[in-house]
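**Student:** Quick one: sequence and predicted model below, then my questions.
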Amino acid sequence: MVSAPAAAFAQQAGAAKLSIELNTLSQQDSACRMIFLVKNAMGKDLERAVFETVLFKSDGSVDRLTLFDFQTLPAGRPRVRQFDISGTKCEALGRVLFNDVHVCTGEGITGSDCIDALELSTKTAVEVLG
């Protein structure tokens, strides 16, 4: 039998999500603009969230390793962040890998909390993995 406080804690822990959706790709001259919709459902504000990402070409080869700084992510409020990837054609991208957490800070938050809460999705033809 599970006590009510333990059940409430398990439910709260299960709900801790940091959802990152690749929403749109847009060619901007010689850069590919990647627009992400981020929803912090971790229950606490993130003062800063920076992820190490790997961009793959559509043929599977690595294009580059880079850092995406999602900045401040308040709890319970969606945020849109965009990144311009210079020298890249959007149609040449095949996959984005969220490889690791570079920085993830907030009251009582660790980098492992952010990686554990990460929930990735895409509305584009580019696959997003973590």
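**Tutor:** Nice, I can see it. Numbering: from 1, shown residues only.
**Student:** Please list all residues in contact with residue 108.
**Tutor:** residue 44 (CB atoms under 8 Å, 6 or more residues apart in numbering). Any C-beta I mention is one placed from the backbone N, CA and C, and that applies to glycine too.
**Student:** repeat for the one 5 residues further on
**Tutor:** Applying CB under 8 Å, 6+ apart, one finds that residue 113 lies in contact with 16, 42, 104.
**Student:** swap in residue 65?
**Tutor:** Going by CB under 8 Å, 6+ apart, the list of residues near residue 65 reads 52, 53, 54, 55, 99.
**Student:** Against residue 130, how distant is the spatially closest residue to residue 77 that is not a sequence neighbour?
**Tutor:** Leaving aside its sequence neighbours, residue 77 sits nearest to residue 40 (CB to CB, 6 or more residues apart in numbering; 7.2 Å). Taking CB to CB, to the nearest Å as the criterion, residue 40 is separated from residue 130 by 16 Å.
**Student:** Same drill for the two, tell me which one is more crowded.
**Tutor:** Of the pair residue 40 and residue 130, residue 40 is the one with more neighbours under other CB atoms under 10 Å, namely 26 against 14.
**Student:** and the one helix or strand that one maps to, what other elements does it pack with?
**Tutor:** The secondary structure element spanning residue 40 is strand 31-41 (assigned by DSSP states H and E). Secondary-structure packing of strand 31-41 (3 or more CB pairs under 8 Å, 6 or more residues apart in numbering; DSSP states H and E): strand 17-28, strand 78-86.
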